[in-house]
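Colleague: Pasting a predicted model and its sequence here:
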Amino acid sequence: MAFKVSTPAATGHVVHTPAGRGAILDVMGTMVEVKVDAEQSAGALNLFEIVAPPGSFVPPHLHRREDETFYVLEGQVEAEAEGKVELISAGGSLFLPRNGVHSWKTAGSTTCRFLVISNPSGMDRYFPEIATQAGMSPPTPEQLVTISLKYGIEFL
């Protein structure tokens, strides 16, 4: 049985996204590759591969619409959730339920590579809106807050 290669019309089919073949976005210096989008999962989830250089971080925020799960492939992510700081190393995971305040940053001096699963889907539309396009500046903090609120994401 051959799997379908990731295409926009793949809803309801097994989807295979070869390495480096998902949409690749520059989200404020962090590389986000879309592995599974809303259409491919019939809205069930999104899967992203994140490559974050040292010093990358996302400040405290919450998601009103989706849960997130992080799975670290390389390096370490330091996440804060529910008032606790967790160091997640390669092979470790962290589930973050919706409406819970959390933040993350890369730990140490190496690039970190991790997967993020968000369910249900929706983040696959958010990331392209805040991604830096060729020749354009990243969104201002005010623009980021406005776009984020549109997707049920609140920065604190």
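Modeller: Good, I have the coordinates. On a predicted model such as this, the values are computed, not experimentally measured, just so you know.

Colleague: How many residues are close by the closest residue to G20 other than its chain neighbours?
Modeller: Distances taken as C-beta to C-beta, 6 or more residues apart in numbering place E33 nearest to G20, at 7.2 Å, with adjacent residues excluded. Quick note: C-beta positions are derived from backbone N, CA and C, even for glycine. Using other C-beta atoms under 10 Å, E33 is surrounded by 18 other residues.

Colleague: could you point out which element follows the longest helix seen in the chain?
Modeller: In the chain, taking DSSP state H as the definition, the longest helix is helix 141-150. Using DSSP states H and E, the helix or strand that follows helix 141-150 in sequence is strand 153-155.

Colleague: Please work out the average pLDDT along that following strand.
Modeller: Here strand 153-155 scores 96 as its mean pLDDT.

Colleague: For that strand, name the packing helices and strands.
Modeller: On a contact count with 3 or more C-beta pairs under 8 Å, 6 or more residues apart in numbering; DSSP states H and E, strand 153-155 meets strand 57-63, helix 141-150.

Colleague: Point out the most buried one among those.
Modeller: Greatest average neighbour count among the helices and strands packed on strand 153-155 goes to strand 57-63 (a mean of 15), per mean count of other C-beta atoms under 10 Å.

Colleague: if we can go back for a sec, right, and the helices and strands packed on strand 153-155 - which one's nearest L115?
Modeller: With C-beta to C-beta as the criterion, L115 lies closest to strand 57-63 of these, at 15.4 Å.

Colleague: Show me where the chain has its strands.
Modeller: In the chain, the strands defined using DSSP state E lie at 4-5, 15-16, 24-27, 30-36, 46-52, 57-63, 67-74, 76-81, 84-89, 93-96, 102-107, 112-119, 153-155.
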